[in-house]
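Q: predicted coordinates and the sequence they were generated for:
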Amino acid sequence: MDRRTYLLLLDDQHRLLLCGGCCGGWTVPQVRMTASASFLGTATRFLQERFEVAAPRYGSVYGIRQSRTGEDWEFDRATATRVFIVHISDGEGSAIEKQSVTHARWSIAELRRRRREISPEGIVLLVTGYIEGWIPDGPITLR
């Protein structure tokens, strides 16, 4: 089973951190995981090691995506995915951008305007709903 975590890093001005160095487009940071790894633990270690975010602050909303056996979705195999919203400061966002020219923070207006350039599909809708407050508090299941 393919397991991964997508990280939606939002700064104080509600800008989303995107990575533009892979896949020929823009995406959010993601971590592939082993079968026994904890989603939250793996996400926390990744943020600390890769982006030097010492104490990640997770939002209360997160998404869960679990494909069923035999369902074709990404790579034609069963998947288990978590999407975590992480609050970062403007300073942490600036430090991440300085680490690599392939990282950028986009405002909600820019996300909406360029939504077709961002993968996975639906990230802009999730971020917008979170910021504007129309997504309910707590886990959301994406099926």
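A: Perfect, I can see it now. Numbering: from 1, shown residues only.
Q: where are the low-confidence patches of the chain?
A: 1, 21-24, 68-78, 138-139, 141-143 (pLDDT under 70).
Q: how far away is Ser89 from Ala35?
A: 34 Å (C-beta to C-beta, to the nearest Å). All C-beta atoms are positioned from the backbone trio N, CA, C, and that covers glycine.
Q: which one of these two is surrounded by more residues?
A: Ser89 (12 against 8; other C-beta atoms under 10 Å).
Q: list the contacts of that one.
A: Neighbour list for Ser89: Asp11, Asp12 [criterion: C-beta atoms under 8 Å, 6 or more residues apart in numbering].
Q: again with the one 10 residues further on
A: Gln99 makes contact with Phe51 under the criterion C-beta under 8 Å, 6+ apart.
Q: what's the spacing between it and Glu92?
A: 11 Å.
Q: give me the common contacts of those two.
A: Counting by C-beta under 8 Å, 6+ apart, the residues touching both Gln99 and Glu92 are Phe51.
Q: helices of this structure, start to end?
A: 39-51, 90-99, 108-113, 123-132 (DSSP state H).
Q: quick check: which of the ones you listed is nearest to Arg4?
A: helix 39-51 (8.9 Å; C-beta to C-beta).
Q: tell me what that closest one is packed against?
A: Packing partners of helix 39-51 (3 or more C-beta pairs under 8 Å, 6 or more residues apart in numbering; DSSP states H and E): strand 2-10, strand 30-33, strand 79-87, helix 90-99.
Q: just put those in a markdown table and tack on distance to Thr44.
A: Converted to a markdown table, the helices and strands packed on helix 39-51 look like this (distance: least, C-beta to C-beta, whole Å):
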| stretch | distance to Thr44 |
| --- | --- |
| strand 2-10 | 10 |
| strand 30-33 | 10 |
| strand 79-87 | 9 |
| helix 90-99 | 14 |
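Q: wait, which of those is closest to Phe51?
A: Smallest distance to Phe51 across the helices and strands packed on helix 39-51 (C-beta to C-beta): 5.0 Å, for helix 90-99.
Q: endpoints of stretch 27-37, how far apart?
A: 23 Å (C-alpha to C-alpha, to the nearest Å).
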